[in-house]
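Novice: kindly return the folded structure for what I paste below:
(2 chains)
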Protein chains: 2
Amino acid sequence: MAADGSRAAILDAAAACFMARGYAASSIDDVARSLGSTKGRIYHHYPSKGDLFADVFRTGMAMNYAAIEPARRLAGTAVEQWRHMATIHTRQMIVTRSYQRVVWEGVELYLRGATTPEQREEFARLMQVRNDYGAIFRQVIVAARQAGAMRFDDPGITEQLMFVSLNSPLFWYTPRPGETKDDIEAIVAQVVHFTARGLGVGEGNL
Amino acid sequence: MAADGSRAAILDAAAACFMARGYAASSIDDVARSLGSTKGRIYHHYPSKGDLFADVFRTGMAMNYAAIEPARRLAGTAVEQWRHMATIHTRQMIVTRSYQRVVWEGVELYLRGATTPEQREEFARLMQVRNDYGAIFRQVIVAARQAGAMRFDDPGITEQLMFVSLNSPLFWYTPRPGETKDDIEAIVAQVVHFTARGLGVGEGNL
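Specialist: Alright, predicted model coming up:
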């Protein structure tokens, strides 16, 4: 746990609650109960449920940025760089799943306009962080296409298809008893392989 | 509109409300207001919001079954049959989007356990309908693999990746002013093409 262990524990518990019940049905009370803590402890850090939700979203995105950072600096072709980034990103969807489900729900709430006026500004900033993250991937797939290593038509639609596919464990993955790291890597590899082929990566580069 | 125009109009309005606000934040009042109708008219057909939601879900799935039915009877290879079914299914995600968003949310609510005990039985039946629909597609991709026209590892994971990809317009498609049928078909074609490649359909069959 990080230096501020109390805040980190609250975020973990909140991410788990929001994942299990969704934003609307979750309360600060639920988070406190799952921590065996008082509501006061949470309000000490977060004035409202909306602030707590936004910080889980922010933390989930920060985890993704930090995770892909080393892959961005690797030497190699665009398609190799993409494969590293895509593998790390997909692994994130499994190992930091509760946070990433909150990011997903946050995007849905924002697009649906189900945010209060005060939240809206904060969410717009979070959406920008997420769009910037998407742009990093888009840059790499466009470079791979220029190099002849990927083939696709509209980059906007293709970015969406790529992320939906890489993010998909959020919707269908559930941990199994006795599951090993290798089991998870095997799942990640299938997701990345499917997506790479979808992007038109040829046999020689798979 | 069908013979029972009143019920069909209620379903259309309800699907639009649930899509816009989500299940929790929607009310029978909202649906009545959007119809310029009384709550009584809706309660005449549906005892509760949950019943109305379940009927939108059921209708959305019925639309999909009806839409793919002709493709299931076509002569041709498994991969050709898959392409027809996948194209129709993806088009459904765009043209009956509000219903399909409700199906999506219903699955989420069910898996999250956010249903009342009375709803749970009804939802379990709806999930079965959806699983049976998925099984039709799975049968076709497994047949295509046996024929050497698709290549993938785990059929369960592959079915999930396939549907997430085909369903993805639910999350990123929004109608544009002046959009034509051809514009929609071009989007559908890109989605199906990405997915076909993901499933390992070779160049000769694309």
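
Novice: spatially central residue in chain A, please.
Specialist: residue A:100 (4.0 Å; C-alpha atoms, centre = their mean).

Novice: quickly find the element holding that one.
Specialist: Using DSSP states H and E, residue A:100 maps to helix A:97-112.

Novice: ok, and for the helix or strand just after that helix, which residues are buried?
Specialist: Elements were assigned by DSSP H and E; along the chain past helix A:97-112, the next helix or strand is helix A:117-146. Neighbour counts over helix A:117-146 (16 or more other C-beta atoms under 10 Å in any protein chain shown) mark A:119, A:122-123, A:126, A:129-130, A:133, A:137-138, A:140-145 as buried. Placement of C-beta: from N, CA and C, glycine included.

Novice: now helix A:117-146: mean pLDDT?
Specialist: Across helix A:117-146, the average pLDDT comes to 93.

Novice: who does that helix touch, helix- and strand-wise?
Specialist: Applying 3 or more C-beta pairs under 8 Å, 6 or more residues apart in numbering or on different chains; DSSP states H and E, one finds that helix A:117-146 contacts helix A:49-72, helix A:78-95, helix A:97-112, helix A:155-167.

Novice: any idea how far it is from the middle of the chain?
Specialist: 12 Å (C-alpha atoms, centre = their mean, to the nearest Å).

Novice: what's the angle from that helix to helix A:78-95?
Specialist: 140 degrees (axes from the mean of the first three to the mean of the last three C-alpha atoms, to 10 degrees).

Novice: report the angle between helix A:117-146 and helix A:97-112.
Specialist: Using the same axes, to 10 degrees: helix A:117-146 against helix A:97-112 is 110 degrees.

Novice: how about the residues of chain A by chain B?
Specialist: A:20-22, A:24-25, A:108, A:112, A:114, A:152-154, A:157-158, A:160-161, A:164-165, A:168, A:171-172, A:187, A:190-191, A:194-195, A:197-200 (C-beta under 8 Å from any C-beta of the partner chain).

Novice: drop anything exposed from those residues.
Specialist: A:20, A:22, A:24, A:114, A:152, A:157-158, A:160-161, A:164-165, A:168, A:171, A:187, A:190-191, A:194-195, A:197-200.

Novice: so what's residue A:85 up against?
Specialist: Neighbouring residues of residue A:85 by C-beta atoms under 8 Å, 6 or more residues apart in numbering or on different chains: A:68, A:71, A:72, A:136, A:137, A:140.

Novice: low-confidence ranges, chain A, go.
Specialist: Chain A contains residues with pLDDT under 70 at A:1-4.

Novice: swap the cut-off to 90 and go again
Specialist: A:1-6, A:21-22, A:24-25, A:72-75, A:108-122, A:202-206 (pLDDT under 90).

Novice: any idea how many residues pack against residue A:110?
Specialist: Residues lying near residue A:110 (other C-beta atoms under 10 Å in any protein chain shown) number 19.

Novice: any idea how far chain B is from the residue nearest to it when sequence neighbours are not counted?
Specialist: Of all residues not flanking residue A:110 in the chain, residue A:123 sits nearest, at 4.6 Å (C-beta to C-beta, 6 or more residues apart in numbering or on different chains). As for residue A:123, its distance to chain B is 16 Å (criterion: C-beta to the nearest C-beta, to the nearest Å).

Novice: which residues does residue A:166 contact?
Specialist: Residue A:166 touches A:86, A:89, A:90, A:93, A:191, A:192, A:195, counting by C-beta under 8 Å, 6+ apart.

Novice: wait, doesn't residue A:191 sit right on residue A:170?
Specialist: No: taking C-beta atoms under 8 Å as the definition, residue A:191 is not a contact partner of residue A:170, at 10.9 Å.

Novice: and the closest residue in space to residue A:152 that isn't next to it in sequence, how far is that from residue B:94?
Specialist: Once flanking residues are discounted, residue A:152 sits nearest to residue A:158: 4.3 Å by C-beta to C-beta, 6+ apart. Residue A:158 sits 17 Å away from residue B:94, taking C-beta to C-beta, to the nearest Å as the criterion.
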